[in-house]
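# The following comprises the amino acid sequence and a computationally predicted model.
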Amino acid sequence: MDKKNTRPNIPEQIQRELWARAAGRCEFRGCNKLLYKDSLTQKRANLAVISHIVAYSSNGPRGDIVRSQQLEKDISNLMLTCRDHGKIIDDKEREIEYPEELLLEFKREHELRIRMLTEAKEDAQTYVLLLQVPIDKHPIRIDQAVAFRAILPKYPAEEMATVIDLNGMTIPTASAGFFQVAVQSITEQTRRYLHNRFDKMNIKNLAVFALAPVPLLIYFGYLLGDIDHVDLFQRHRDSQNWIWKDEAETEEGKKFYKIFSPETTFDSRRKIALLLSVSNLVKRSEVEATLGEEPLVYEIRAEEPGLDFFESRKRLEAFGYEVRKLLESLRVTYDHTCEIHLFAAVPSPAAIEFGRHIQAHHPLFLVYEYQKATRVHLPALQVNIHSREQI
């Protein structure tokens, strides 16, 4: 019986090919850890272990008296792993938990994904931009690895996502100066991001992951405005990931939104309000209390408003279509210097989508923030090129 306990020397050519196939990342399913750089110090280091699926010793995990020797240097039997998962694979006591067939599946799955991504054409590249702003005093963190998985089959144009991070703000969301400071910071960081990539027109694809108070998301969308291909992503509460769900055939041809307009549009004495009711219903009684009168009301309302309404990308696309139609109607009806009071209960991608469609010839929007603690709407910021100084 083979009692070989000495780990075989894998030829350098085989090692290089294995590193290339794995793209320098752990092949254990769900890990994907980068193995040539320490995540804490960011210094380069070899953190990899070459693990055997069929052990090089017949006494090892998944070992075989004949196949162990045959496969000990065969690349089809080798996995590039981090040290933690290398120990799991080499643990004889966990052989039943990780049989040969499962580890081969891990390897095939990882290497196929790498091959698919590296063979992609230029138009499959996408820049990845994250926006994270505290909500109700709670810091926001978006996992870059989760975002990169969500953009598949596209792949990131840069090794690291760009993060616009306002978690360091010490001003509470409800304070008078929060939105003014946040707008200034988001404006500076977004413009610098676009400038460093020459200009918006050189960004062929941009994937955006954002969590922030709704008025800032609308303003952020306004800044991104005329970038042609922007993919917006939604964090789903049930799965806690950002991958859009498959569009059910039952949604084909379905109408997702109701549109409401005032009976009369020409009354210079009355204020104009636009309500976006998607994740929740914006109550007209609260709007009237905020404005101190009954305004002329326009509204885009989801058929069934709720926090989980945005399940598929199709619903976002339909929302964008309704926004474009309504903004054009407002442009035709009112002068661009007119002020419209915007009350929005929408998920992150819908807020950004609305902001992206605001153009210079559209009216000025005064966007309100809903304070859950006091259940009141407070004016947060103004959006459009014709707006006065941010309040």
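Yep, that arrived. Numbering: from 1, shown residues only.
# For stretch 137-148, which outside residues touch it?
Residues outside stretch 137-148 that contact it (CB atoms under 8 Å, 6 or more residues apart in numbering) are 32, 128, 130, 132-134, 155-156, 160-161, 163, 167, 172-173, 207, 209-212, 233, 241-242. All C-beta spots, glycine's among them, are computed from the backbone N, C-alpha and C.
# Among these, which ones are in strands?
Filtering those for membership in strands, criterion DSSP state E, returns Val128, Leu130, Gln132, Tyr155, Pro156, Val163, Ala207, Phe209, Ala210, Leu211.
# what's the farthest-apart pair in those?
The distance between the two most remote of these (CB to CB) is 23.1 Å, for Tyr155 and Leu211.
# So for Glu288, what's the nearest residue that isn't a sequence neighbour?
Among residues not flanking Glu288 along the chain, Glu294 sits closest, at 5.3 Å (CB to CB, 6 or more residues apart in numbering).
# secondary structure class for the one you found?
Glu294 falls in the coil class when you classify it by DSSP: H, G, I helix; E, B strand; the rest coil.
# what's the answer for Leu381, then?
Following three-state DSSP, Leu381 is assigned to strand.
# dump the residue contacts of it.
Phe179, Gln180, Val183, Pro215, Leu216, Tyr219, Leu366, Val367, Gln390, Ile391.
# again, but for Ile171
Counted by CB under 8 Å, 6+ apart, Ile171 has contacts Gly177, Phe178, Val181.
# Give me the neighbour count for the nearest residue to it once chain neighbours are set aside.
What sits nearest to Ile171 in space, not counting adjacent residues and going by CB to CB, 6+ apart, is Phe178, at 4.7 Å. Other residues lying near Phe178 total 20 when counted by other CB atoms under 10 Å.
# what do you get for Glu303?
11.
# out of everything not next to it in sequence, what's closest to it?
Nearest residue to Glu303, sequence neighbours excluded (CB to CB, 6+ apart): Phe256, at 5.8 Å.
# Could you list the domains of the chain?
As given by automatic domain parsing, the domain ranges for the chain are 12-118, 122-232, 250-383.
# buried subset of the contacts of stretch 137-148?
Buried subset of the contacts of stretch 137-148 (neighbour count, 16 or more other CB atoms under 10 Å): 32, 128, 130, 132-134, 155-156, 161, 163, 173, 207, 209-212, 233, 242.
# about what we covered before: was I right about the residue nearest to Glu288 contacting Asp267?
No. Contact criterion CB atoms under 8 Å: Glu294 and Asp267 do not qualify, at 10.6 Å.
# Looking at the two, which one has more neighbours?
Neighbours were counted for Glu294 and for Asp267 using other CB under 10 Å; Glu294 has more, 14 against 11.
# any idea of the mean pLDDT in stretch 77-92?
Averaged across stretch 77-92, the pLDDT comes to 96.
# what does it rub up against?
In this structure, residues lying in contact with stretch 77-92 by CB under 8 Å, 6+ apart are 10, 14, 18-19, 21-22, 24-28, 31, 33, 35, 47-55, 59-61, 71, 94, 98, 103, 106-107.
# Please flag which of those residues sit within helices.
If you go by DSSP state H, the contacts of stretch 77-92 have Ile14, Leu18, Trp19, Arg21, Ala22, Leu71, Leu103, Phe106, Lys107 in helices.
# hang on, the second one packs against Ser76?
Right, the one you point to is Leu18. No. If you go by CB under 8 Å, Leu18 and Ser76 don't touch, sitting 10.2 Å apart.
# Between the two, which has more neighbouring residues?
Ranked by neighbour count (other CB under 10 Å), Leu18 and Ser76 place Leu18 first, with 19 against 10.
# where does the stretch 151-300 of the chain have low pLDDT?
197-202, 247-252 (pLDDT under 70).
# where exactly do the helices run in it?
178-196, 214-224, 284-291 (DSSP state H, counting those that start in this stretch).
# residues touching the closest residue to Asp238 other than its chain neighbours, list them.
Setting aside the residues directly before and after it, Asp238 is nearest to Asp308 in space (CB to CB, 6+ apart), at 7.1 Å. Applying CB under 8 Å, 6+ apart to Asp308 gives the contacts His236, Arg237, Asp238.
# Not counting residues beside it along the chain, what's closest to Leu281?
Leu281 sits nearest to Pro305 (CB to CB, 6+ apart), 5.0 Å away.
# What does Gly24 show for phi and psi?
phi 70, psi 30 (degrees, to the nearest 10).
# How about it: what's its closest non-neighbour residue?
Tyr36 (4.9 Å).
# That neighbour - how many residues pack around it?
Other residues close to Tyr36 by other CB under 10 Å number 12.
# pretty sure it is touching Ala45, no?
Yes. Using CB under 8 Å, Tyr36 is in contact with Ala45, at 7.2 Å.
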